[in-house]
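>>> kindly return the folded structure for what I paste below:
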Amino acid sequence: MNDVDTLLQNALAAHRAGQLELACQQYCQVLGATPGRADVWNLLGMASRQQGQFVAAVEQLTRAIELDPTLPAAFGNLGETYRALGRFPEAIACYERARLLVPNIAEVHQSLATLYHQAARYDEAIASYRQALALDSNQAGTHFNLGNTYQARRQWDEAIDCYRRALELAPQYVEAQCNLGNALWEQGRLEESLSWLDGALRLRPDYVPALSNRGVVLQELGRLTDAESCLRHALALAPDLPQLHLNLGTLLKCSGDFAGAAAEFETTLRLRPDDPQALLARATLQLSLGQFEPGWAGYERRVGLPEYDTRTFTEPRWQGEPLAGRTLLVHAEQGFGDTIQFVRCVRLLADLDGKVVVAAPRALLPLLVASGIDNVAAIDDPLPRFDLHVPLMSLPFVLGTRLDSVPHDVPYLAVEPERVARWQKELAAFAGFKIGIAWQGRREYRADRQRSIPLVQFAPLAAVPGAQLLGLQKGYGSEQLAALAGRFEVVDLGVRLDQGSGAFLDTAAAMQSLDLVVTSDTAIAHLAGALGVRVWLALGRVPEWRWMHSGETSPWYPTMRLFRQRTAGDWSDVFAHMAGELSTLVAGR
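Predicted structure coming up:
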């Protein structure tokens, strides 16, 4: 063995021992004698990268590639160096080159997938993780990382499958247990989620992500005291973690501690300025307190967040200026109830000297047309040409809507008179004080546990002499009718409503022949309010921002009365109060 070989062996030994500075010195001595050694330039670049000397590493690894463009290790090391510098496009290009050179090395596909994920190129990340698993399916970390990519895509079923596979291979993989708990929470499977988070904390009691997620799950289960204890424990371990303050603020808001919530949101923004989730949380709190000017401005931060479906377009966003002959697209977002509530604002655009087109869910178009909105389009179809656009729920912001200027003239929705007459004739067959009821919203909605009401809770209304309950529920929740088993009578209208017509047309017509509508916080409440019929809305202890935090009336719907829970999760007081008011109403008829 000659002197250069001996020096290289010493350098490799120093490198393996973690003596990186000595290894670099010896690699340089080798290169002084044999400057054309691409393999040694690669080793020198790797050692420099491991010392954090990234600029030098880039130069050294680039030299290795110049000498041997077929050296995959050099491309991999250069890719890692660019990753450390935050230069993801260059890092990806390096690993793509390495993949071409060694397509059967799982680690290369894994590293490239991680880079794709960091660059939000999720489809490519999934493909690369799957290629890595095709080469080596027993790597728990690869299954875990693939699950994280599916989670970023909000593909919860696929994410759950990946985490479960990771845990089959590594049962004590705490991070996988925590992320599995989070994915189950996203699906509303709260008890399962809690079980996995508890398991993660048994293995690592001070694991902050699991404590944070557990606090959120406990909150949704209504265990607010336990949730607060969990989050404060996490904050004691990581007092400067913005997400913990955001989660605690959300919990305090749900507990009715609005001042405490506001303080936590401000702390979040001090630690992570311009965080869209924190700005949105602060905005909805402001809206619930009647602080509309800052609230509407902050609510704009929903645009682009994955849990919202607010569309964006290449055409300019409308800022409230005259249209001057141009076409404005107003596009609906979120649920049917949101569209019904905010479509009132479209009437305020009548004098803009241009054309206004409303894009909404196809099922709602007949109702909108019947209500006098002529230019409509299905939101999921190819849209007509337009010059400007604005999300429907941004109109209060653009129009400068204040608490005292909410457009509240009702009715602003209508159906054809013939349909109303047909339902009036049909409902005339029922005696007594006719009350249309709805109790269940979409189960996919995150806060459905807090807003939907078990049908059995309506029993006090059925017990009022002269009251006749007529079910307006369709789809979700209708199965509860059979479970009543004769406890009280509810005539099921839902099976005959809106069959073969647009959404809510028959429901709207029927409502106009009822004496009262009583409902949980669903689209039915908005429809009744928009029609100007008498409606009582049962609300949880701290409802969604649009219903404000107190009071019996709504600035949005003058014919609506609000009945609020005194204790979170307890509907008995709400319906006892309603029953008393209903008795007076029926007696005075």
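
>>> any low-confidence regions in this protein?
Within the chain, the ranges that satisfy pLDDT under 70 run 1-2.

>>> quick check: domain ranges of the chain?
Here the domain parsing of the chain from automatic domain parsing is 327-405, 417-587.

>>> right, so of these, which gets closest to residue 272?
For the domains of the chain, proximity to residue 272 was assessed by C-beta to C-beta; domain 417-587 is nearest, at 22.1 Å. Glycine gets a C-beta too; all of them are placed from N, C-alpha and C.

>>> endpoint to endpoint, that closest one covers what distance?
One end of domain 417-587 sits 30 Å from the other (C-alpha to C-alpha, to the nearest Å).

>>> could you pull out the strands for the stretch 151-300 of the chain?
Counting by DSSP state E, counting those that start in this stretch, the stretch 151-300 of the chain has no strands to list.

>>> how about stretch 572-579: buried residues?
Buried residues in stretch 572-579, counted by 16 or more other C-beta atoms under 10 Å: 574-575, 577-579.

>>> swap in stretch 8-15?
In stretch 8-15, the ones that count as buried by 16+ other C-beta under 10 Å are 8, 11, 14-15.

>>> and which of these is nearest to residue 513?
residue 15 (85.0 Å).

>>> doesn't residue 43 make contact with the closest one?
Yes - between residue 15 and residue 43 there is a contact under C-beta atoms under 8 Å: 6.9 Å.

>>> mutual contacts of those two, please.
Residues within reach of residue 15 and of residue 43 at once, by C-beta atoms under 8 Å, 6 or more residues apart in numbering, are residue 23.

>>> which residues are contacting stretch 69-82?
38-39, 41-42, 45-46, 49, 54, 57-58, 61-62, 64-65, 68, 88, 90-95, 97-98, 101-102, 105, 108, 111, 115.

>>> and those, which of them are in strands?
If you go by DSSP state E, the contacts of stretch 69-82 have nothing in strands.

>>> tell me how many other residues crowd residue 301.
19 (other C-beta atoms under 10 Å).

>>> that one: what's it in contact with?
276, 279-280, 283.

>>> cool, residue 92 as well?
Counted by C-beta under 8 Å, 6+ apart, residue 92 has contacts 79, 112, 115-116, 119.

>>> any idea how far it is from residue 278?
Relative to residue 278, residue 92 is positioned 31 Å away (C-beta to C-beta, to the nearest Å).

>>> thinking again about what came up before, between the contacts of residue 92, which is closest to residue 527?
For these, the nearest to residue 527 is residue 119 (44.1 Å; C-beta to C-beta).

>>> ok, the closest one - how many residues close by?
14.

>>> excluding chain neighbours, what is closest to it?
Distances taken as C-beta to C-beta, 6 or more residues apart in numbering place residue 88 nearest to residue 119, at 4.8 Å, with adjacent residues excluded.

>>> so what's the one you found up against?
82, 115, 118-119.

>>> buried ones among the contacts of residue 92?
Buried among the contacts of residue 92 by 16+ other C-beta under 10 Å: 79, 112, 115-116.

>>> just put these in a markdown table and tack on distance to residue 257.
What follows is the buried ones among the contacts of residue 92, written out as a markdown table (distance: C-beta to C-beta, whole Å):
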| residue | distance to residue 257 |
| --- | --- |
| 79 | 49 |
| 112 | 47 |
| 115 | 43 |
| 116 | 42 |
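
>>> closest one of these to residue 328?
residue 116 (38.0 Å).

>>> and of the domains of the chain, who's closest to residue 298?
domain 327-405 (9.3 Å).

>>> what's the neighbour count on the nearest residue to residue 522 once chain neighbours are set aside?
Distances taken as C-beta to C-beta, 6+ apart place residue 441 nearest to residue 522, at 4.2 Å, with adjacent residues excluded. Using other C-beta under 10 Å, residue 441 has 23 other residues around it.

>>> same check, this time on residue 396
22.

>>> now name the helix or strand holding it.
helix 395-399 (DSSP states H and E).

>>> remind me what that helix packs against, helices and strands.
For helix 395-399, the packing partners by 3 or more C-beta pairs under 8 Å, 6 or more residues apart in numbering; DSSP states H and E come out as helix 292-299.

>>> then the helix or strand following the helix it packs on to PDB, C-alphas only?
Where DSSP H and E defines the elements, the next helix or strand beyond helix 292-299 is strand 327-331. What follows is strand 327-331, C-alpha atoms only, in PDB (Å, rounded to 0.1, in the frame of the first residue of the first chain):
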ATOM      1  CA  THR A 327     -68.600  40.800 -15.800                       C
ATOM      2  CA  LEU A 328     -68.200  39.900 -12.100                       C
ATOM      3  CA  LEU A 329     -68.200  36.300 -11.000                       C
ATOM      4  CA  VAL A 330     -69.500  35.800  -7.400                       C
ATOM      5  CA  HIS A 331     -68.600  32.200  -6.400                       C
END
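
>>> by contact count, what packs against whichever helix or strand comes after strand 327-331?
Going down the chain from strand 327-331, the next helix or strand is helix 336-342, by DSSP H and E. Contact here means 3+ C-beta pairs under 8 Å, 6+ apart; on that basis helix 336-342 packs against helix 523-531.

>>> so how far is stretch 223-241 off the chain centroid?
Averaging C-alpha positions (C-alpha atoms, centre = their mean, to the nearest Å) puts stretch 223-241 22 Å from its chain's average.

>>> mind listing what's buried in stretch 123-131?
Applying 16+ other C-beta under 10 Å to stretch 123-131 flags 124-126, 128-129, 131 as buried.

>>> just the residues you listed now: which is nearest residue 147?
residue 129 (9.3 Å).

>>> do you know how far the closest one is from residue 103?
Residue 129 is 15 Å from residue 103, by C-beta to C-beta.

>>> next one: residue 557
In terms of C-beta to C-beta, residue 557 sits 63 Å off from residue 103.

>>> rewinding a little: and which of the buried residues of stretch 123-131 is nearest residue 296?
For the buried residues of stretch 123-131, the nearest to residue 296 is residue 125 (36.5 Å; C-beta to C-beta).

>>> what secondary structure does that closest one sit in?
helix (DSSP: H, G, I helix; E, B strand; the rest coil).

>>> that one and residue 113 touch, don't they?
Yes - judged on C-beta under 8 Å, residue 125 makes contact with residue 113 at a distance of 4.7 Å.

>>> intersection of neighbour lists for those two?
Counting by C-beta under 8 Å, 6+ apart, the common neighbours of residue 125 and residue 113 are residue 149.

>>> for the longest helix seen in the chain, give me every contacting residue.
Ranked by residue count and defined by DSSP state H, the top helix of the chain is helix 572-587. For helix 572-587, the surrounding residues in contact (C-beta under 8 Å, 6+ apart) are 433, 435, 457-461, 463-467, 516, 518, 536, 538-539, 563-567.

>>> go again using 6 Å as the cut-off
With C-beta atoms under 6 Å, 6 or more residues apart in numbering as the test, helix 572-587 has contacts from 433, 457, 460-461, 464, 466, 538, 563, 565-566.

>>> which among the residues you listed count as buried?
Applying 16+ other C-beta under 10 Å to those flags 433, 457, 460-461, 464, 538, 563, 565 as buried.

>>> how about these in CSV, adding distance to residue 400 and secondary structure?
Output for these, formatted as CSV (distance: C-beta to C-beta, whole Å; DSSP: H, G, I helix; E, B strand; the rest coil):
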residue, distance to residue 400, secondary structure
433, 42, strand
457, 40, helix
460, 43, helix
461, 40, helix
464, 44, coil
538, 32, strand
563, 31, strand
565, 33, coil
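
>>> show me what contacts the residue most central in space within the chain?
For the chain, residue 307 is the residue whose C-alpha lies nearest the centre (C-alpha atoms, centre = their mean; 2.4 Å). Residues near residue 307 by C-beta under 6 Å, 6+ apart: none.

>>> residues contacting residue 267?
Taking C-beta under 6 Å, 6+ apart, one finds residue 245 in contact with residue 267.
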